[in-house]
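> Quick one, what's the 3D model for this:
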Amino acid sequence: MTRNANLDDEAARLTELLRGKVVNVVWRHRPKEIGIEFNDGTRLFVDAVDDGLDLSVTGGDEFDET
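Numbers count the residues shown, from 1 in each chain. Next up, the predicted model:
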């Protein structure tokens, strides 16, 4: 898979995961990173790295294993 295809795939997965969620709060997590928390507790972290952005998603209803 090419780099652009990987980026497109990642964007599509994030779009589906975050669809319909409402932003609750945005904050500076670290000097080069922001955190975005959504209404269901899902958190998206966007970190500036040397070759682009690193995205990480945690928490929320999709991650609840009960």
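> got the residue ranges for the helices in the protein?
Here the chain has its helices, by DSSP state H, at 3-18.
> Show me where it has its strands.
Using DSSP state E, the strands of the chain run over residues 23-30, 33-38, 43-49, 52-58.
> Just name the most buried of the ones you listed.
Of all the strands of the chain, strand 33-38 carries the top mean neighbour count, a mean of 17, counting by mean count of other C-beta atoms under 10 Å. For the C-beta atoms, the positions are set from N, CA and C on the backbone; glycine is no exception.
> In the sheet, which strands lie alongside that one, parallel or antiparallel?
When sheet partners are counted by DSSP bridges, strand 33-38 sits next to strand 23-30 (antiparallel), strand 43-49 (antiparallel).
> Out of the strands of the chain, which gets nearest to Asp8?
Within those, the stretch nearest Asp8 is strand 52-58; the backing value is 13.6 Å (C-beta to C-beta).
> Parallel or antiparallel, which strands does that closest one pair with?
Strand 52-58 has these strand partners (DSSP bridges): strand 43-49 (antiparallel).
> relative orientation of the strand it pairs with and helix 3-18 in degrees?
Between strand 43-49 and helix 3-18, the angle comes out at 160 degrees (axes from the mean of the first three to the mean of the last three C-alpha atoms, to 10 degrees).
> No more questions from me, cheers.
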